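heads up, no residue letters with this:
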């Protein structure tokens with residue numbers, strides 16, 4: 001059996017691309033047919049609850065959803081008396097807890113949306129926000145919600161991360 005280096009070099013990119021597919025596909029469960037035929041697992045949507053218990057009634061929205069290696073955290077607010085610093089600290093602690101509950105972290109956040117009750121709180125929010133996302137934070141959008149934030153929170157934050 002002779003080997004042809006030109007054939008090998010010509011086929012190498014295709015072989016490398018096929019080998020990389022499972023890493024790109026992300027987490028998930030392969031169907032029996034996929035596993036039987038050696039196909040990579042397809043990502044699937046999974047809903048997670050911070051306390052581990054599914055609510056008794058159909059919820060309005062899911063707090064944490066993973067899809068493959070992606071993590072989506074719903075907007076989290078602070079529904080107690082306090083200033084913007086206390087509210088921001090509380091919300092960031094909850095975001096961190098949610099991320100860690102599914103195997104992620106603040107450092108793995110790609111995108112953050114911050115909704116403020118008023119832009120007057122922008123500097124105070126930034127004081128608490130700074131440094132909480134590691135050395136290379138994700139991208140961020142910050143707006144003031146025109147009609148305020150539900151539940152009298154001064155800030156609401158949602159994010160997208162990877163596991």
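Ah, there it is. All values derive from a computational prediction rather than experimental measurement.

Could you report the pLDDT at residue 36?
pLDDT, residue 36: 71.

ugh, typo on my part, it should be residue 123
pLDDT, residue 123: 98.

continuing past the strand or helix carrying it, what's the next helix or strand?
Using DSSP states H and E, residue 123 falls within helix 122-129. Next helix or strand after helix 122-129 toward the C-terminus (DSSP H and E): strand 139-144.

Need the mean per-residue confidence for whichever helix or strand comes after that following strand.
Counting by DSSP H and E, the element after strand 139-144 in chain order, helix or strand, is strand 155-162. Averaging pLDDT along strand 155-162 gives 98.

before we move on, the earlier item: what's the angle from the helix holding residue 123 to strand 155-162?
Here helix 122-129 runs at an angle of 40 degrees relative to strand 155-162 (axes from the mean of the first three to the mean of the last three CA atoms, to 10 degrees).

Number of residues surrounding the residue nearest to residue 103 when sequence neighbours are not counted?
The shortest distance from residue 103 to any non-neighbouring residue, by CB to CB, 6 or more residues apart in numbering, is to residue 163 (4.8 Å). The way it works is simple: take the backbone N, C-alpha and C, and place the C-beta from them, glycine included. Residues near residue 163, counting by other CB atoms under 10 Å, number 15.

what's near enough to touch residue 163?
By CB atoms under 8 Å, 6 or more residues apart in numbering, the contact list for residue 163 reads 27, 66, 69, 70, 71, 102, 103, 104, 108.
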